[in-house]
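Student: have a look at this prediction, sequence included:
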Amino acid sequence: MFSKKIVSTLIFTMILLFSSVVFASGHGSDQAKKVGILLVAFGSSEASAQVSFDNIDMKVKKAFPNIPVRWSYTSHIIRKKLAKSGKYLDSPEVALAKMADEKFTHVAIQSLHTIRGAEFEDLSNTIAGFKLMGVFQEIQVGQPLLASQEDIEKTVNAILGSIPAEREASEAVVLMGHGTHHPANAFYSALAYQLQLRDANIMVGTVEGYPELDTVQKQLVKNNIKTTYLMPFMSVAGDHAKNDMAGDEDDSWKSILSKAGYECKPVLKGTAEYDSFAKIWVSHLGETLSHFEH
Ligand code: CO
């Protein structure tokens, strides 16, 4: 946390210096309109996660063919890890500074987060900083996957559509969300409730928030479940999906549930790999871009 603060302070100072150059050189609002997209993900160092990012990248470029697309990862740890293997990803701050340098005037940022949690809040603060400095004429962020009742309904449908076809009604589907201490964690319960109305054998648990696996296990017992699918409810099937959900270690959900007598069928696919989920993020980006059409 400490070093992250220092880094962001440095970056912010850099941006301030940079923006003063922009102002001093007198290129404010008389620039030609140039619209750009910045996609922001938490990031992942797992190669398997790249499938998710590639799918989103493809869908965004297909939906908005004439708008340049840039990427950034919010996780400093992941960026550092990737840099060691020669893959350099920008933070949102650096990506935005570069876009300013490239004379973009309108920037639509799309978060690939699942909820409006701490990561999304940090991103919003960064954007507020850029807004304040007036570097761009317009800078706006689109909602993550779950931000409204309509999003929950679309997500419920996307989940129902992403369950393997061979799953029988008597088999459970346990989704693993990330979870957080942030109040936006309540979205997982809201989603779980609405899923339950459609199919009582679909359950939502989280790694770091509520509902916990304990809660899920009570439901499994209550519904007399013998077999359960395990699916990540995260944009990528990265570290959490591979290890915390489907890993062979004693504390993975697969191990805990297997030990409790359930047959587990893990599905290692992130939500962003499915077109139905990708569509929700892309539509949020479309809403942002529509604000630039004047
Ligand atoms: Co995590």
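Tutor: That came in fine, so what should we check first?

Student: ok now do the most centrally placed residue in the chain, which residues does it touch?
Tutor: For the chain, the residue nearest the mean C-alpha position is H113 (2.1 Å; Cα atoms, centre = their mean). Counting by Cβ atoms under 8 Å, 6 or more residues apart in numbering, H113 makes contact with 40-42, 119-120, 144-145, 235. C-betas here are computed from N, CA, C, even on glycine.

Student: 6 Å instead?
Tutor: Residues counted as contacts of H113 (Cβ atoms under 6 Å, 6 or more residues apart in numbering) are 119-120, 144.

Student: emit the ChimeraX select command for whichever of the residues you listed are buried.
Tutor: Buried subset of the contacts of H113, written as a ChimeraX selection, criterion 16 or more other Cβ atoms under 10 Å:
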select :119,120,144
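
Student: show me the contacts of H113 that map onto helices.
Tutor: The helices, defined by DSSP state H, take in 119-120 from these.

Student: buried residues in stretch 265-273?
Tutor: Neighbour counts over stretch 265-273 (16+ other Cβ under 10 Å) mark 265-267, 269-273 as buried.

Student: what would the residues you listed look like in CSV with secondary structure?
Tutor: Converted to CSV, the buried residues of stretch 265-273 look like this (DSSP: H, G, I helix; E, B strand; the rest coil):
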residue, secondary structure
K265, strand
P266, strand
V267, coil
K269, coil
G270, coil
T271, helix
A272, helix
E273, helix
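
Student: quick check: the two most widely separated of these?
Tutor: Pairwise distances across these (Cβ to Cβ) peak at 21.2 Å, for the pair K265 and A272.

Student: that older thread, next, the residue nearest to the centre of the chain: secondary structure please.
Tutor: Secondary structure state of H113, per three-state DSSP, is coil.

Student: tell me the one of the buried residues of stretch 265-273 nearest N224?
Tutor: Using Cβ to Cβ, K265 comes nearest to N224 of those, at 17.5 Å.

Student: in the stretch 1-150 of the chain, which spans are helices?
Tutor: For the stretch 1-150 of the chain, applying DSSP state H, counting those that start in this stretch gives helices covering 2-24, 50-63, 76-84, 92-101, 118-133, 149-162.

Student: turn those into TSV, columns for mean pLDDT and distance to F292.
Tutor: Shown next, in TSV, are the helices of the stretch 1-150 of the chain (pLDDT from 0 to 100; distance: least, Cβ to Cβ, whole Å):
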stretch	mean pLDDT	distance to F292
helix 2-24	54	20
helix 50-63	96	15
helix 76-84	94	28
helix 92-101	97	14
helix 118-133	95	14
helix 149-162	98	22
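
Student: distance to K279 for those - can I get that in a markdown table?
Tutor: Below are those laid out as a markdown table (distance: least, Cβ to Cβ, whole Å):
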| stretch | distance to K279 |
| --- | --- |
| helix 2-24 | 33 |
| helix 50-63 | 7 |
| helix 76-84 | 26 |
| helix 92-101 | 23 |
| helix 118-133 | 20 |
| helix 149-162 | 8 |
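
Student: tell me which of these sits most buried.
Tutor: Of these, the one with the most neighbours on average (mean count of other Cβ atoms under 10 Å) is helix 92-101, at a mean of 20.

Student: and that one, what other elements does it pack with?
Tutor: Helices and strands touching helix 92-101, by 3 or more Cβ pairs under 6 Å, 6 or more residues apart in numbering; DSSP states H and E, are helix 2-24, strand 35-41, strand 69-73, helix 118-133.

Student: 10 Å instead, please
Tutor: If contacts are counted by 3 or more Cβ pairs under 10 Å, 6 or more residues apart in numbering; DSSP states H and E, helix 92-101 sits against helix 2-24, strand 35-41, strand 69-73, strand 106-111, helix 118-133, strand 138-142.

Student: from G142, how far out is the residue nearest to the centre of the chain?
Tutor: According to Cβ to Cβ, to the nearest Å, H113 and G142 sit 10 Å apart.

Student: cool, and L195?
Tutor: Distance of L195 to G142, computed by Cβ to Cβ: 24 Å.
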